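> Pasting the sequence and the predicted coordinates here, then a few questions.
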Amino acid sequence: MYQDDESFVSQSGDSCEGSLPNSSTQMSEEIVKRILFMPICHLLMTSTVALALLVPTSLSSLADAGHSSHHNSQQQVPETPLAVKLETTTDGPLVPGETVTVTLTLSHVDDNSPMTLDDLREVHTEKIHLLIVDPSLRDYHHEHPIPTGKPGEYQFSFTPNTTHDYRIWIDITPVDGNQQYAIADLEGSASCAAPCVRETVNTSATVAGYTFDLSFDVDSLTTSDGATGSIRVRDEEGRDVTTLEPILGAFAHLVGYEGNYTGIAHIHPLGEEPSSLDEHSGPELKFFMRPKTAGYLKLFAQVKIDGQILFVPFDLDILQNQTMSHGLGHR
């Protein structure tokens with residue numbers, strides 16, 4: 001989870017630009033118009049009941065050409081419907097600072113049969129990755145649910161730090177299919193006050209005494225044009241950190257969220273992944289990204305140093321490539 005030095009708890013009930021659409025139909029239309037940000041563009045919009053949505057998959061991802069992970073490589077996949085249906089429940093209301101348990105029910109779209117772990121491929125040491133954030137894009141969590149014993153049912157717990165709704169992106173890869181995302185929303189007690197998302201630019205962050213500096217090999221990030229990013233890590237004395245530890249089969253996990261609260265990408269560093277827990281990396285983590293939508297982008301880097309898992313926030317501005325035609329997915 002990431003939090004900054006200001007209170008997450010909003011005392012206002014005002015809605016914000018990043019608030020949720022009023023219906024599944026409005027949400028689906030927004031996704032169709034603006035989602036071109038996922039590595040594999042399959043989505044499921046739901047609060048407690050699933051609604052399948054087919055989105056073109058012939059689009060290049062935010063993260064292209066890295067190591068062998070399917071998260072990093074650009075793929076051209078057949079246009080097939082989403083294979084999973086999702087339902088969610090909680091054991092109580094979302095309260096800032098209090099742990100809540102969430103139950104997920106996964107089933108196959110075609111026959112409603114339970115989707116078990118045997119139906120899923122392991123990617124980066126887990127078969128289900130949950131990427132969770134509130135509409136302000138400030139309280140981020142990366143969780144992994146466990147089976148309850150009932151086929152197709154899984155549970156996880158997390159501690160929200162805001163009164164806001166939370167959106168869960170479930171990242172899975174069926175054994176007989178491609179990587180897919182299913183989306184579910186958990187209802188909070190109050191909306192975040194406008195402006196919900198602080199659309200600033202910040203390429204340096206200090207977390208737990210470590211300084212993380214983000215740079216790119218281009219002057220400006222633009223849609224369509226790819227760019228190689230680099231995160232350099234230093235300790236409190238300004239010394240390079242070369243003790244980055246493996247976490248979930250990689251030396252870092254980078255998750256980017258569009259400011260419109262619809263687009264997401266899960267990226268991993270370039271180069272060879274660790275083959276054992278004894279390996280280390282640093283001081284630089286390089287990755288490749290190709291944004292598909294202009295505007296604000298929140299990027300979280302998840303790393304592990306001295307046994308401590310850290311979530312490092314960055315804020316980027318993606319410019320529109322003027323040579324591109326304005327169409328689906330562009331503001």
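Right, received. Where do you want to start? Numbers count the residues shown, from 1 in each chain.

> Secondary structure element for the nearest residue to Glu199 once chain neighbours are set aside, which one?
Of all residues not flanking Glu199 in the chain, Tyr296 sits nearest, at 4.1 Å (Cβ to Cβ, 6 or more residues apart in numbering). For the C-beta atoms, the positions are set from N, CA and C on the backbone; glycine is no exception. Applying DSSP states H and E as the criterion places Tyr296 in strand 295-305.

> and that strand, which residues are buried?
Buried residues in strand 295-305, counting neighbours by 16 or more other Cβ atoms under 10 Å, are found at 295-305.

> packing partners for that strand?
Packing contacts for strand 295-305, counted by 3 or more Cβ pairs under 8 Å, 6 or more residues apart in numbering; DSSP states H and E, involve strand 210-216, strand 227-234, strand 253-258, strand 308-318.

> quick one: contacts for the residue of the chain most remote from its centre?
Using Cα atoms, centre = their mean, the residue of the chain lying farthest from its centre is Glu237. It sits 31.6 Å away. Contact partners of Glu237, counting by Cβ atoms under 8 Å, 6 or more residues apart in numbering, are absent.

> Report the separation between it and Gln180.
Relative to Gln180, Glu237 is positioned 44 Å away (criterion: Cβ to Cβ, to the nearest Å).

> Also Ala193?
Ala193 is 34 Å from Gln180, by Cβ to Cβ.

> neighbour count winner among the two?
Each of Ala193 and Gln180 has its neighbours counted (other Cβ atoms under 10 Å); Gln180 has more, 23 against 14.

> Please verify my assumption that the more buried one contacts Pro174.
Yes - with contacts counted by Cβ atoms under 8 Å, Gln180 reaches Pro174, the gap being 7.2 Å.

> intersection of neighbour lists for the two?
83-84.

> ok, back up a step: can you redo the buried residues of strand 295-305 as JSON lines, where the extra columns are pLDDT and distance to Glu187?
Converted to JSON lines, the buried residues of strand 295-305 look like this (pLDDT from 0 to 100; distance: Cβ to Cβ, whole Å):
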{"residue": "Gly295", "pLDDT": "94", "distance to Glu187": "26"}
{"residue": "Tyr296", "pLDDT": "95", "distance to Glu187": "25"}
{"residue": "Leu297", "pLDDT": "95", "distance to Glu187": "26"}
{"residue": "Lys298", "pLDDT": "96", "distance to Glu187": "22"}
{"residue": "Leu299", "pLDDT": "97", "distance to Glu187": "26"}
{"residue": "Phe300", "pLDDT": "97", "distance to Glu187": "23"}
{"residue": "Ala301", "pLDDT": "97", "distance to Glu187": "29"}
{"residue": "Gln302", "pLDDT": "96", "distance to Glu187": "26"}
{"residue": "Val303", "pLDDT": "97", "distance to Glu187": "31"}
{"residue": "Lys304", "pLDDT": "97", "distance to Glu187": "32"}
{"residue": "Ile305", "pLDDT": "97", "distance to Glu187": "35"}
